[in-house]
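Q: structure of the sequence below:
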Amino acid sequence: MGQNLKLQALTQERSPSVTDVVYRQLYDSIVGLTMTPGTKLSEADVASQLGVSRQPVRDAFYRLSQQGFLLIRPQRATVVTKISPAAVLKARFIRTALELETTCTALERANPKDFRSLEDNLDLQKRAIENDKRDVFHELDDEFHAEICVIAGHPEVWTLIKNNKAHMDRVRYLALDKQVSQKAFNEHVAILDAMKAGDKPRLSDLLRSHLNRIANTIQTIRVEHSEFFEEDDHEN
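A: Sure thing, here's the model as predicted:
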C-alpha cells in the first residue's frame with residue numbers, strides 16, 4: 001500500500017526537492033528495515049540507483065545522520081546505525097507528552113463525524129489484521145493517531161510526532177505480528193470508547209499505557225534480534 005494521502009497532506013507543506021525524495025526513500029528503507037542495521041552505503045551507489053547526482057544524496061545522508069540513522073565515516077562506507085534503546089525510550093517520552101495533550105483536546109472537540117472517521121479507520125485496521133497485512137496495519141495505526149491530532153485542531157503536532165518516533169518504528173517493524181497488531185487494535189478501540197464517553201482520566205491512562213508498551217517490547221525484541229541493537233547502550 002502506498003503512502004497514505006491523508007498523512008502525506010499532513011506532513012508535506014511544499015513540493016519535495018530531489019534531496020527530499022532521496023531522503024524519504026532512504027528513511028523509509030531504514031525505518032522499515034529493508035536496510036537493516038549495519039548495511040553499508042555509498043553516495044555513488046545510491047546516486048546511481050536513484051538516477052540523481054551525488055549532492056542530494058550527500059545532503060540526505062547528512063539529514064539521516066543528524067537523526068541518528070546513519071554513521072558517516074570519512075574515507076569509509078556510510079553505515080546504517082544499530083537501534084539505540086535509549087533513543088527509542090527518548091522518542092517514546094516525547095511522543096507520549098505530545099499525544100496526551102492532543103488526545104485530551106480532541107476529546108473536548110470531537111463531534112459525531114469525527115467519531116465515524118475514527119471508526120472507519122478501525123474497520124480498516126481490523127480488516128488488515130484479518131488479512132495479515134502488517135504494513136497496511138502500520139499505516140492505519142499512524143493514520144488513527146494523526147486523525148486525532150486533526151480533531152484536536154493541531155495537525156502540525158503529528159509532524160513533530162512523526163519526526164521523533166522513527167526510532168520507535170524500527171522496533172515496531174521488528175515486533176509487528178498478528179498478535180501484536182490485535183493488541184494495538186484493541187487498545188485503539190478502548191481509546192475511542194473513552195473519547196466517546198468523555199472520560200478524560202481513563203483516556204489519559206489508556207493512551208499512556210498504549211504508548212509505553214514499547215518499553216516492554218524492546219526488551220523481548222532485543223533478545224531475539226541482538227545483532228540489530230547497540231551493545232553498550234545506557235537506557236535511562
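
Q: which residues does residue 54 contact?
A: For residue 54, the contacting residues are 43, 44, 47, by Cβ atoms under 8 Å, 6 or more residues apart in numbering. The C-beta positions use only the backbone N, C-alpha and C, and glycine is treated the same way.

Q: can you say which of those are buried?
A: Among the contacts of residue 54, those classed as buried by neighbour count (16 or more other Cβ atoms under 10 Å) are 43, 47.

Q: give me the low-pLDDT residue ranges for this protein?
A: In the predicted model, the chain carries pLDDT under 70 at residues 1-14, 232-236.

Q: report the buried residues of the host helix or strand of residue 117.
A: Assigned by DSSP states H and E, residue 117 belongs to helix 112-130. For helix 112-130, a neighbour-count test (16+ other Cβ under 10 Å) marks 114, 117, 118, 121, 122, 124, 125, 126, 128, 129 as buried.

Q: okay, now the domains of this structure?
A: 5-80, 85-228 (automatic domain parsing).

Q: which of these is buried the deepest?
A: Sort the domains of the chain by mean neighbour count, taking mean count of other Cβ atoms under 10 Å, and domain 85-228 sits at the top with a mean of 17.

Q: against residue 42, how distant is the residue with the largest distance to the centre of the chain?
A: Distance from the centre of the chain peaks at residue 75, with 32.1 Å (Cα atoms, centre = their mean). Between residue 75 and residue 42 the distance is 12 Å, computed by Cβ to Cβ, to the nearest Å.

Q: ok, back up a step: just the contacts of residue 54: which are in helices?
A: 43, 44, 47 (DSSP state H).

Q: for this protein, just list every one of the helices.
A: With DSSP H as the criterion, the chain has helices at 5-11, 18-31, 43-50, 54-66, 85-109, 112-130, 134-151, 156-164, 166-175, 178-197, 200-224.

Q: can you put the ones you listed in TSV and add distance to residue 230?
A: Shown next, in TSV, are these (distance: least, Cβ to Cβ, whole Å):
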stretch	distance to residue 230
helix 5-11	28
helix 18-31	15
helix 43-50	24
helix 54-66	16
helix 85-109	7
helix 112-130	32
helix 134-151	24
helix 156-164	19
helix 166-175	11
helix 178-197	23
helix 200-224	10
